[in-house]
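Student: predicted coordinates and the sequence they were generated for:
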Amino acid sequence: MRFRFLPNEGRFFELFETQAAKVLEGARALKELSEHYDRVEEKARRIKKVESEGDQITHDIIERLNRTFITPFDREDIHALASGLDDVLDNVEGVASRLTLFQVQTITPEAVELVAIIERSCVAIYDAVAQLKDLKKIREFCIQINDLENQADFISRNTTARLFHEETDFRELIKWKEIYGRLEATTDDCEDVANILEGIVVKNN
Amino acid sequence: MRFRFLPNEGRFFELFETQAAKVLEGARALKELSEHYDRVEEKARRIKKVESEGDQITHDIIERLNRTFITPFDREDIHALASGLDDVLDNVEGVASRLTLFQVQTITPEAVELVAIIERSCVAIYDAVAQLKDLKKIREFCIQINDLENQADFISRNTTARLFHEETDFRELIKWKEIYGRLEATTDDCEDVANILEGIVVKNN
Amino acid sequence: MRFRFLPNEGRFFELFETQAAKVLEGARALKELSEHYDRVEEKARRIKKVESEGDQITHDIIERLNRTFITPFDREDIHALASGLDDVLDNVEGVASRLTLFQVQTITPEAVELVAIIERSCVAIYDAVAQLKDLKKIREFCIQINDLENQADFISRNTTARLFHEETDFRELIKWKEIYGRLEATTDDCEDVANILEGIVVKNN
């Protein structure tokens, strides 16, 4: 690859690794919250803080992009990857905040399962981003992420269908429809990140 | 136009025509489902299959874009057009899947009408995309698509207003609000495609 | 800045100022509607007209962009700024139209407050866009817009939580959940515009 010997471009790889680690930190905190569903407000505030830290990293990447003439891969891909990672973390925080906003007292097994899938997708995203410099094994991680999205899609569709069939309280229906929708949207965002990463591999390999 | 004599670029035109034909196939299947509302699960699965095939074509276009140095029109427009067509088909499938998820037993005349408008928009999109090489008559098709979007907007606004006024079952209200919203979003996506096509005409004519 | 002596590029600055003025006109009309909540249909139609005029300006900017080789700042930023301003006005109109569609009889103090925040954000956007040629003081306006978004976020989260706790009529819950959601989305769009403006400052200063 032509960019290997341009040392100061390495900063982008570091920044992306930091951003992906922050996304994973958010996903892990949401997993912990879903599996030990107590002190919800406090834990959601913690996730909000992680998301703000992620915003700052995204901002740093965009600012560096705007100041840098030569970049390790296409400018549009750097922008898309930073925005894509940011979207995942925004949605993770959005799930946590809705659990408090809607004053959800008990979490459902399906929500716990969907959060676990999101966390596994974020592990795969982190692993793929950590390989960006060498472009190795990224495809395998992307296939994993796509599989996880399919699993999440299957669970959320069935759960939503059951919700409409069984739920008799309109408040509960509206709440859970939104929470499941947002959980599925998060795995869609993970798939978008995988697509961006695959595009980078195709161009630069 | 400068690109007319670069033979291997023609593959993009073919791929876009195949993608637009796939979008139209999805829209026609949804029209058939809405007009003959039976075996809904089976027909929705069929539309899901069409949407997956469309995903593959989108993927082929993006991959080809990433591997090609000289393109028949601006790279960003190729990317936007492929993504825009993909969004239309995603929403068409989203409507079909909600009809099964929400276990909708009877379809409303307004939904049938909105689906018919979507199908007509997809015919116009296909016709416009088929003219991309010559850039002829694309504007006329775009005007048609804009008119159809206005019609859909008018119907879905009035229907939603009536729904809120008349529907006494909260489940039905939530279901139909989402279905009408998604039908209107599909015509918005068609209009986005028309705007991208107009941009290409302006630049290259 | 290199572009200062290219006279015909000035047209972009004028067009953006006209577009930002149109967005502000829409926000002011929505503020007037929220504070004097009568003749709602007529006032919403007026806002729809402002939004259509805004669409035309957006279209002019994109068309000019497609026809112009040398632009005062990066093409992608011109496109992003025009689209971002357009999104703000679309959401302003979306709020007005939902007030009529949902036949909202009485507006809540929280909605009035959120609309006032949107109007103040649009003043700051206009002021920032009017400085684009000199790139002065834009950062200050962007900080203002970010602060306003944080305020709106706080209000809309608390209001939504209360809504779920207190509202006993499912129609009202669905209506207001969507209206508050759209009001908050509008301030998010204002923040997106601020981010685009900051990016332009970073690159060109």
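Tutor: Done, it's in. Everything quoted here is computed from the prediction, not taken from an experiment.

Student: what number of residues lie near the residue in chain A that chain C sits nearest to?
Tutor: Proximity of chain A to chain C (C-beta to the nearest C-beta) peaks at A:Phe170, 4.1 Å away. Backbone N, C-alpha and C define where each C-beta goes, glycine included. Per other C-beta atoms under 10 Å in any protein chain shown, the neighbour tally for A:Phe170 reads 20.

Student: how much space between it and chain B?
Tutor: 4 Å (C-beta to the nearest C-beta, to the nearest Å).

Student: touching, that residue and B:Phe170? I think so.
Tutor: Yes - using C-beta atoms under 8 Å as the test, A:Phe170 is close enough to B:Phe170 to be in contact (4.1 Å).

Student: overlap in contacts, those two.
Tutor: Counting by C-beta atoms under 8 Å, 6 or more residues apart in numbering or on different chains, the contacts common to A:Phe170 and B:Phe170 are C:Phe170.

Student: give me the pLDDT for the residue of chain A closest to chain C.
Tutor: Looking at A:Phe170, its pLDDT stands at 93.

Student: now do the contacts for it.
Tutor: A:Phe170 sits next to B:170-171, B:174, C:170, C:173 when contact means C-beta under 8 Å, 6+ apart.

Student: which of the residues you listed sit farthest apart?
Tutor: B:Arg171 and C:Leu173 (13.6 Å; C-beta to C-beta).

Student: which one of the contacts of A:Phe170 is nearest B:Pro72?
Tutor: Distance to B:Pro72 across those (C-beta to C-beta) is lowest for B:Ile174, with 45.4 Å.

Student: can you give me the neighbour number for the closest one?
Tutor: By other C-beta under 10 Å, neighbour count at B:Ile174 equals 19.

Student: tell me the contacts of it?
Tutor: Neighbour list for B:Ile174: A:164, A:170, A:173-174, A:177, C:174 [criterion: C-beta under 8 Å, 6+ apart].

Student: go with 10 Å
Tutor: By C-beta atoms under 10 Å, 6 or more residues apart in numbering or on different chains, the residues touching B:Ile174 are A:164, A:170, A:173-174, A:177, B:102, B:167, C:170, C:174.

Student: name the element A:Leu148 belongs to?
Tutor: Assigned by DSSP states H and E, A:Leu148 belongs to helix A:138-166.

Student: avg pLDDT for that helix?
Tutor: Averaged across helix A:138-166, the pLDDT comes to 93.

Student: of all the residues in it, which ones are buried?
Tutor: By 16 or more other C-beta atoms under 10 Å in any protein chain shown, the buried positions in helix A:138-166 come out as A:138-139, A:141-142, A:144-146, A:148-149, A:151-153, A:155-157, A:159-161, A:163-164.

Student: stretch A:89-105 and chain C in contact?
Tutor: Yes - using C-beta under 10 Å from any C-beta of the partner chain, stretch A:89-105 comes into contact with chain C via A:97-98, A:100-104.

Student: may I see the buried residues of whatever helix or strand A:Lys177 lives in?
Tutor: When elements are assigned from DSSP H and E, A:Lys177 belongs to helix A:170-204. Residues of helix A:170-204 classed as buried: A:170-171, A:173-180, A:182-187, A:189-202, A:204 (neighbour count, 16+ other C-beta under 10 Å).

Student: what's the answer for stretch A:51-71, then?
Tutor: Buried residues in stretch A:51-71, defined by neighbour count with 16+ other C-beta under 10 Å: A:51, A:54, A:57-58, A:61-62, A:64-66, A:71.

Student: check contacts around the closest residue to A:Glu167 other than its chain neighbours.
Tutor: Excluding the flanking residues, the one nearest A:Glu167 by C-beta to C-beta, 6 or more residues apart in numbering or on different chains is A:Leu173, at 4.4 Å. Residues in contact with A:Leu173 (C-beta under 10 Å, 6+ apart) are A:160, A:163-164, A:166-167, B:170-171, B:174, C:170.

Student: now those as JSON lines including distance to C:Gln131?
Tutor: Converted to JSON lines, the contacts of A:Leu173 look like this (distance: C-beta to C-beta, whole Å):
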{"residue": "A:Thr160", "distance to C:Gln131": "48"}
{"residue": "A:Leu163", "distance to C:Gln131": "50"}
{"residue": "A:Phe164", "distance to C:Gln131": "51"}
{"residue": "A:Glu166", "distance to C:Gln131": "56"}
{"residue": "A:Glu167", "distance to C:Gln131": "52"}
{"residue": "B:Phe170", "distance to C:Gln131": "49"}
{"residue": "B:Arg171", "distance to C:Gln131": "52"}
{"residue": "B:Ile174", "distance to C:Gln131": "46"}
{"residue": "C:Phe170", "distance to C:Gln131": "47"}
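
Student: what does chain A put close to chain C?
Tutor: Counting by C-beta under 10 Å from any C-beta, the positions of chain A adjacent to chain C are A:58-59, A:62-67, A:75-76, A:79, A:97-98, A:100-104, A:169-171, A:173-175, A:178.

Student: and the residue nearest the centre of chain A, helix, strand or coil?
Tutor: Closest residue to the average C-alpha location of chain A: A:Val88 at 3.0 Å, with C-alpha atoms, centre = their mean. In three-state terms, and counting by DSSP: H, G, I helix; E, B strand; the rest coil, A:Val88 is helix.

Student: list the residues that contact it.
Tutor: By C-beta under 10 Å, 6+ apart, the contact list for A:Val88 reads A:19-20, A:23-24, A:26-27, A:54, A:118, A:121-122, A:125, A:185-190, A:192-193.

Student: how much space separates A:Asp134 from C:Tyr126?
Tutor: Separation of A:Asp134 from C:Tyr126 (C-beta to C-beta, to the nearest Å): 48 Å.

Student: the more surrounded of those two?
Tutor: More crowded of A:Asp134 and C:Tyr126, by other C-beta under 10 Å: C:Tyr126, with 22 against 11.
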